[in-house]
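*Asks:* Requesting a structural model of the entry that follows:
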Amino acid sequence: MAGVWYNRANVLAAMRMFDDALESYNRALAYDDGLISAWYNKGSLLHELGQDREALQAFDRALAVDVYYIPAWNNKGLSLFALGRFEEALAAFEQATSIAPEQPDAWHNKAIVLERLGRRQESASCQGRARSLESQAAS
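*Replies:* Have a look, this model is predicted:
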């Protein structure tokens, strides 16, 4: 049943029926609280809706299932950034880049938070790394 509710949630989210999508993610998680993609998608939807405190809880639950789940680290960083918690956002992006150094999005996001923190040289280095990875992927 978890899969049915999860798929329903994804369809509803794509249709921009956000309240119904969140309810369906919750139902999926009631059947299987280890369904990492449901925690991640719920967190991503909450972040998109500007509900970043709630999004953080979902990303943390995803990371409790799999501490190496890079998308959750990246989006946790985005929610922390949105809340103005820049040092914590940086720590999340550093986790992402240390686990999967080949992921350009995490490097790009790390560069943004470093820029915000006034650490321009480090930001430029991370941005360069992101561009390099993007060009390698395009080749």
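*Asks:* any idea how far Ala9 is from Tyr69?
*Replies:* Distance, Ala9 to Tyr69, using Cβ to Cβ, to the nearest Å: 18 Å. Every C-beta, even on glycine, is put in place using the N, C-alpha and C of the backbone.
*Asks:* Which of those two has more residues huddled nearby?
*Replies:* Between Ala9 and Tyr69, counted using other Cβ atoms under 10 Å, the more crowded position is Ala9 (25 against 22).
*Asks:* got the contact list for the more buried one?
*Replies:* By Cβ atoms under 8 Å, 6 or more residues apart in numbering, the residues touching Ala9 are 21-22, 24-25, 27-28, 38, 41-42.
*Asks:* now swap in Ala89 and tell me
*Replies:* Counted by Cβ under 8 Å, 6+ apart, Ala89 has contacts 77-78, 80-81, 113.
*Asks:* go with 7 Å
*Replies:* By Cβ atoms under 7 Å, 6 or more residues apart in numbering, the residues touching Ala89 are 77, 80-81, 113.
*Asks:* and Ala30, how many neighbours does it have?
*Replies:* Neighbours of Ala30 under the rule other Cβ under 10 Å: 11.
*Asks:* Ok, Ala2 next?
*Replies:* A total of 16 residues lie near Ala2 under the criterion other Cβ under 10 Å.
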